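A.B. asks: here you go, sequence then predicted model.
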Amino acid sequence: MQNKGLITVFAILFGLVSIYQLSYTFISSKVESDAKTYAQSLLPETDPEGREALENQYLDSVAAQPVLFGIDYKSAKEKELKRGLDLQGGINVTLQISVRDILKGLADNSEHPAFVKALNDADSLQTQSQDTYLESFFEAFEAIPGDNQLASPKIFANRTLDDLIDLDMTNDEVKPILRQKIDESIVSAFEVLRKRIDKFGVTQPNIQRIGQSARILVELPGAKDIERTKELLTSTALLEFWDLYKYEDVAAYLNDANAVMANINKQEAESAETVQDTTNLDDDVSNLLGGDNVDGTETSSVSNTPLNDLINDFGFTGGATLMRVKPENVEAVNAILNNPQVKARMPQGIRYAKFVWGIPQMDDIAGEELVSLYALKSNAEEKAPLSGGVIVDAAQTYDQYNKVAVDMQMNGVGAQIWEKMTADAFKNRSQIAVVLDDVVYSAPSVSNGAISGGRTQITGDFTVEGEDLANVLRAGKLPARAEMIQGAVVGPTLGKEAISSGMISFGIALLFVLVWMVFYYGFAGLFADVALIVNILFIFGCLAGIPGAVLTLPGIAGIVLTIGISVDANVLIFERIREELQKGKAQKLAIKDGFNNALSSILDANITTGLTGIILLVFGTGPIKGFATTLLIGILTSLFTAIFITRLLIDWYTKNGKSLNFSTPATKNLFKNVNIDFLGKRKIAYIISGILIAVSLGSLFTNSLNMGVDFVGGRTYIVRFDKDVNVEEVSQDLIEVYGSAEAKTYGSDNQLKITTKFKVEETGLEVDREIEELLYNGLKPNLPAELTFEEFSSSSGKVDKQVGVMESNKVSPTIADDIQQGSFLAVLGSLIVVFLYILLRFRRWQFSLGAVVAVFHDVLIVLGVFSLTYKIMPFNMEIDQSFIAAILTVIGYSLNDTVVVFDRIREYFNEHSTWKMDRIINGALNSTLSRTLNTSLTTLIVLLSIFFLGAESIRGLIFALIVGVVVGTYSSMFIATPVMFDTVKKRGIDLTDKNAKKDEEAEDQAA
């Protein structure tokens, strides 16, 4: 081997860099272990939250202290090997920025009939289209009858876009401008979210825009306060400043509302005596108030003061507070104020008043929280005099009473409006409301005259949310709503268990491979083992050093799978060296020729697997990208270690003529004289495969597949109980709650995976909470009596959670359609790419055909097995993104085997030009049998160790790989090659290497 010195230096440097990158992980793990030990020494096991608080205190105190080589914990934490959500808990969401909202903003909230209809029609088109919302809007707009122009002054030719859009522009001229503005808004939203997340304090966050779409992927590993995180991500931060009516301006109307509501209730009570089933426009209010006092006791007569009964404190003259009520009575007051008959009595002077509530505040005298009601001086357009868009900076601070507040600085335009507003408030002795998303955070009076300069302060009953508010305001306002169309929440407990099971399966798989290589190849197997260990070091070093690379649970599976298939290169090399030795060649020459002859097969096999990995990386999301990343890194590092590291070790050992065995007494003559007539048995194989495919297709058409929420939309919850539960009983309880639901055992009998499509079309934090509350109520008979909803919820963030929602996942139907299409394109794309690669490499379409037929054969059988068994298997067999990853891996593995055989067939054509084609093909298949079975066996043992000892969440993926390895090994011998043979046997085929032939003729002439 040439350039040994250069390769040795590179390998040493690569190893040192990998160790250096992993040292950060070692340092951070050591400090965190010390913190855990410190907390355990002070607090009992029964106080996990207290322990976590002590751990955090310890880590904060030592964050800047050097630990090793001058590296402190803070620096090490930033550069450590990044773990995904499934290994440490956290939240993963896909946010959809509302392009509809952006368009409405660009059109200045136009009510033009064509514009409104186009928006509504675009909503409908989006349910069945893969186009962007903007393209659907264009399609809907142009389908409206009449001469409708986007450049109409009532649509986009307005003050907002007057420097870009002229009245004489055609629709085609306006479209690129709108595309640009939409893209700018989405980029703005991305930056807003990025800034918020940077301020949120989560380590190793990941935020990325998905292609050029309006979707943004956010991953926050380790986030524990899930509810607060969701609110921070989806809040539009609609900050407004409003003038407020005084109590005396509204008091008469509130008295009228009281009287009107009392009369309504009286009429309903009288009607109820004579008519059994009477409906009323105000049913919701009367049901809420008609027969109950505030304390819940029944009254014998209808109250004459239904509104006053709900009020704890009335407002006072000169003040802006209209009333204070208990939080649970807010809905009832709103029902009265929104009643059409009550609203009809609104005086002309306050006809545009908008009633809003403040934040709940503790009343020391009452000893409970109360909420204040205010009346904003709104207008017909409901536009605030001043919005939060004028704020250029915001910071959390403290007021004179040492309570949390938020200081804000406005720009020049905002400062002028603010000065006028405060001057009017001072003159009228009124107050100004600081309103965030229709909640009054502060209602200060102006006691010292107009405020100039644009600096002001929000005060209120802030806790930690004061910092969140400052972050939101400083980062800016989202240009539109951000809806969570896909989300996953993984609890920290499940993450710890995943790491434990992943490392156990990793250790057992590694140990088996190390022992097997020594058993099969003797002392030479030790060199392969050293190369394998170096390979693992390189893989983890790359993951630690590559920006954005994350170790996930499927990623661990990818590494373990890499262990299984990385020995394939060494197996190919050792088998070729054994063949050369059997031909009588000297050891040094046999080693040289063995490496050279195996190189072509190694490259072809790994390139085909790598191509499927690249496609998986492009089309995959979240953990699947982690699987693809580790697979691709593993392919590259295993190529280097097998070809160069193993060669360096063998050359070093044999440089003085020292003998090296490539087999043991037990394996020396294994497969030596095998002569199976594979082509003669191809008709039997065709019949067997035909039956398997027919059964698979029959099951797919009749039994279908268990489609996961990734493909159909819905919500799933992993729920753990404190005892074993009856799945059928739980399913029935949930069907009563949701209408349709499915529960399956997930791992042990005290853990279920629950799936529902209830309100799958609706988004929002309120809907998510509502559905989890229904889940809690439906499961109550099987939950501990003392377990509260907060403890049960996926948002609890409890450190050592053992009962409740351990993981949740939500996929909207819109993104499910996209995932489905993306998965189909990924599989189709991999087949096309591989077909073209094999065509390019072997220059015969018959080889491509044989390989693709074998792949279709393998995929159909794997699908058939899942279709036949998903109802009876004791583990999750849903068709989701992980399953697609498995299918692509099966494609890569199947092609790996097939390409090795094809390479040997091509080689035999050159070595045995006088042989008939069937003899060449059978000889090639027999000569690669040892390698095929060796690689398949090691890979299967590795997969079985993950299947039985790994995490439950990837068991379906591993099962698909196990089936795929078995079927792929079979198809490479009995399907791919026979199909190729049958397509060329009549016409013949020439695979001789013309260049090699010319070289031989030249050598003969020279001799």
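C.D. replies: Nice, I can see it.
A.B. asks: run through the stretch 401-550 of the chain and note the low-pLDDT ranges.
C.D. replies: The stretch 401-550 of the chain contains residues with pLDDT under 70 at 437, 458-480, 491-495.
A.B. asks: what about the helices in the stretch 401-550 of the chain?
C.D. replies: Here the stretch 401-550 of the chain has its helices, by DSSP state H, counting those that start in this stretch, at 412-428, 465-475, 492-521, 523-545.
A.B. asks: now do the stretch 901-1007 of the chain
C.D. replies: With DSSP H, counting those that start in this stretch, the ranges of helices along the stretch 901-1007 of the chain come out as 917-927, 929-949, 955-971, 977-984, 994-1006.
A.B. asks: just the angle between the third one and helix 492-521, please?
C.D. replies: For the pair helix 955-971 and helix 492-521, the angle between their directions (axes from the mean of the first three to the mean of the last three CA atoms, to 10 degrees) equals 20 degrees.
A.B. asks: picking that back up, for Leu863, find the nearest of the helices of the stretch 401-550 of the chain.
C.D. replies: helix 492-521 (25.6 Å; CB to CB). Bear in mind the C-beta positions are built from the backbone N, C-alpha and C, glycine included.
A.B. asks: list the helices and strands that closest one packs on?
C.D. replies: Contacts defined by 3 or more CB pairs under 8 Å, 6 or more residues apart in numbering; DSSP states H and E place helix 492-521 against helix 85-88, helix 523-545, helix 553-582, strand 804-811, helix 929-949.
A.B. asks: lowest average pLDDT across these?
C.D. replies: The weakest mean pLDDT among the helices and strands packed on helix 492-521 belongs to helix 85-88, with a mean of 74.
A.B. asks: distance from that one to the middle of the chain?
C.D. replies: 11 Å (CA atoms, centre = their mean, to the nearest Å).
A.B. asks: show the subsequent helix or strand relative to it.
C.D. replies: Moving toward the C-terminus from helix 85-88, the next helix or strand (DSSP states H and E) is strand 90-97.
A.B. asks: and that following strand, what does it pack against?
C.D. replies: Using 3+ CB pairs under 8 Å, 6+ apart, strand 90-97 is in contact with helix 171-200, strand 215-221, helix 226-234, strand 482-490, helix 813-842.
A.B. asks: one more time with 7 Å, if that's ok
C.D. replies: When contacts are defined as 3 or more CB pairs under 7 Å, 6 or more residues apart in numbering; DSSP states H and E, strand 90-97 packs onto strand 215-221, helix 226-234, strand 482-490.
A.B. asks: mean confidence score for the host helix or strand of Gln21?
C.D. replies: Element membership for Gln21, per DSSP H and E: helix 4-42. Averaging pLDDT along helix 4-42 gives 89.
A.B. asks: surely Leu134 touches Lys181?
C.D. replies: No. Contact criterion CB atoms under 7 Å: Leu134 and Lys181 do not qualify, at 9.9 Å.
A.B. asks: so Arg747 makes contact with Ser953?
C.D. replies: Actually, residue 747 is Gly rather than Arg. No. Here Gly747 lies out of contact with Ser953, judged by CB under 7 Å, at a distance of 9.0 Å.
A.B. asks: with neighbour numbers in mind, choose between these two.
C.D. replies: Ser953 (23 against 19; other CB atoms under 10 Å).
A.B. asks: for that one, what are its contacts?
C.D. replies: Neighbouring residues of Ser953 by CB atoms under 7 Å, 6 or more residues apart in numbering: 86, 553.
A.B. asks: and if you look at the one 10 residues further on?
C.D. replies: For Val963, the contact set (CB under 7 Å, 6+ apart) comprises 862, 865.
A.B. asks: switch to numbering from 332
C.D. replies: I'll keep to 332 as the first residue from here, and by that count the last item is Val1294.
A.B. asks: low-confidence ranges, the stretch 882-1031 of the chain, go.
C.D. replies: 888, 891-892, 895-896, 951-955.
A.B. asks: what about the strands in it?
C.D. replies: For the stretch 882-1031 of the chain, strands defined by DSSP state E, counting those that start in this stretch do not occur.
A.B. asks: residue ranges of the helices in it, please?
C.D. replies: Counting by DSSP H, counting those that start in this stretch, the helices of the stretch 882-1031 of the chain are 884-913, 918-950, 954-971, 977-985, 1013-1033.
A.B. asks: nearest to Trp573, of those helices?
C.D. replies: helix 954-971 (46.0 Å).
A.B. asks: may I see the buried residues of that closest one?
C.D. replies: Residues of helix 954-971 classed as buried: 954-966, 968-971 (neighbour count, 16 or more other CB atoms under 10 Å).
A.B. asks: contacting residues for the closest residue to Met815 other than its chain neighbours?
C.D. replies: Distances taken as CB to CB, 6 or more residues apart in numbering put Val424 closest to Met815, at 5.1 Å, once the chain neighbours are dropped. When contacts are counted by CB under 7 Å, 6+ apart, Val424 is found next to 549, 564, 815, 817-818.
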